[in-house]
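Participant: I would like the atomic coordinates for the input below:
(one chain, ligands or ions: 1)
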Amino acid sequence: MTTWMVAGNWKMNNTAAEGVALAQEIIAGLPDIAGRGEVVLAPSFTVLRSVYDVIKGSPVTLASQNIFFEDKGAYTGEISAAMLRDAGCTYAIIGHSERRKYFHETDGNVNLKVKKCLAAGLKPIICVGETDEEREAGITEFVVGIQVKKALAGINDLAHVTIAYEPVWAIGTGKNATPVEAEEVHEFIRNILSDVYGSPAVETRILYGGSVTADNFGELIAMKDINGALVGGASLKSGNFLGIISRALERNT
Ligand code: PGA
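Facilitator: Residues are numbered from 1 along each chain as shown. Next up, the predicted model:
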């Protein structure tokens, strides 16, 4: 069975001191997850190294919230995969809907970033999801299908790839998808992966994201194709985040 992942996307929150304190609380309260799942923290770039110093040697790993797809050079304000590896990252979140919306990231950019991650030994967590209007227009699967296929164009192996289905209308709104709504799209994504790669994509983690809390996550993680969560707001308080991890652990029992 695929092990679960619970990843905390801190977005543009927490100074280094605040991030260190939060990471320390999470480590202190973390149950034994060895062999059962993975916990990932995604602080801002300037906070990565400080948080890495707290989590190193623990089962918690580090993700960046973005990367740039070039190796080096005159790209003011950007950060490379090698720099992120250097800061202690194992994962990189790619194509978050806030990046797509506010920073005009396209499926083409996402694909370049995914390729760069894999080439540099970083594991991408690729975000996809439809807007409210797209869901109402009945084109959720069409939109998500294109995002998944374009993100993975030219990628031969899914071994280090995680997908996060995050309906845009559910992010930061308190309106999470119902377990059945989420599962429909997760199953659809898994079927695409199986079709494209020619074998059942049973090992690929597909996370759900969008207003996940300890209260709603138990029913989400019980669904067949939901393998974890990408958590925003509820990852900023250790108690809430640890509560979500507890729900994931209950799935193993
Ligand atoms: P949220 O954010 O949990 O605050 O809805 C999720 C995300 O953007 O990854």
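Participant: rest of the way, CA atoms for contacts and neighbours
Facilitator: Fine.
Participant: for the helix or strand where Glu38 lies, packing partners?
Facilitator: Assigned by DSSP states H and E, Glu38 belongs to strand 37-42. Counting by 3 or more CA pairs under 8 Å, 6 or more residues apart in numbering; DSSP states H and E, the packing neighbours recorded for strand 37-42 are strand 4-9, strand 60-64, helix 238-251.
Participant: can you say which of the ones you listed is nearest to the ligand?
Facilitator: Ranking the helices and strands packed on strand 37-42 by their distance to the ligand (criterion: CA to the nearest ligand atom) puts strand 4-9 first, at 5.6 Å.
Participant: in the helix or strand following that closest one, what counts as buried?
Facilitator: Along the chain past strand 4-9, the next helix or strand (assigned with DSSP H and E) turns out to be helix 16-29. Across helix 16-29, burial judged by 16 or more other CA atoms under 10 Å covers Ala16, Gly19, Val20, Leu22, Ala23, Gln24, Ile26, Ile27.
Participant: distance from the chain centre to helix 16-29, please.
Facilitator: Mean C-alpha position of helix 16-29 versus that of the full chain (CA atoms, centre = their mean, to the nearest Å) differs by 20 Å.
Participant: now for that helix, which elements pack on it?
Facilitator: Of the remaining helices and strands, those touching helix 16-29 by 3+ CA pairs under 8 Å, 6+ apart are helix 45-55, helix 238-251.
Participant: who's in contact with it?
Facilitator: Residues outside helix 16-29 that contact it (CA atoms under 8 Å, 6 or more residues apart in numbering): 43, 46-47, 50-51, 54-55, 58, 60, 236-238, 241-242.
Participant: now, among those, which is nearest to the ligand?
Facilitator: Distance to the ligand across these (CA to the nearest ligand atom) is lowest for Leu236, with 9.3 Å.
Participant: mind checking pLDDT for that closest one?
Facilitator: Reading off the confidence values, Leu236 has pLDDT 98.
Participant: now it, nearest residue through space, not along the chain?
Facilitator: Spatially, and ignoring its direct neighbours in sequence, Leu236 is nearest to Trp10 (6.4 Å; CA to CA, 6 or more residues apart in numbering).
Participant: hang on, the earlier thing: just the C-alphas of the strand holding Glu38, formatted as CSV.
Facilitator: Extracted as CSV, the C-alpha positions of strand 37-42 are listed here (Å, rounded to 0.1, in the frame of the first residue of the first chain):
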residue,chain,number,x,y,z
GLY,A,37,3.9,7.9,6.2
GLU,A,38,5.8,11.0,5.6
VAL,A,39,5.6,14.5,7.0
VAL,A,40,6.9,17.4,5.0
LEU,A,41,7.3,21.1,5.9
ALA,A,42,7.4,23.8,3.2
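Participant: from the chain's centroid, how far away is it?
Facilitator: Relative to where its chain is centred, strand 37-42 has its mean C-alpha point 9 Å off (CA atoms, centre = their mean).
Participant: for the record, mean pLDDT for that strand?
Facilitator: Over the span of strand 37-42, the pLDDT mean works out to 97.
Participant: next, the angle from it to helix 16-29.
Facilitator: Computed with axes from the mean of the first three to the mean of the last three CA atoms, to 10 degrees, the direction of strand 37-42 lies at 170 degrees from that of helix 16-29.
Participant: contacts for strand 37-42 next, please.
Facilitator: Outside of strand 37-42, the residues within contact range by CA under 8 Å, 6+ apart are 3-11, 48, 59-65, 245, 248-249.
Participant: is the nearest residue to Glu250 once chain neighbours are set aside in a helix, a strand, or coil?
Facilitator: Spatially, and ignoring its direct neighbours in sequence, Glu250 is nearest to Gly218 (8.0 Å; CA to CA, 6+ apart). Assigned state for Gly218: helix (three-state reduction, DSSP: H, G, I helix; E, B strand; the rest coil).
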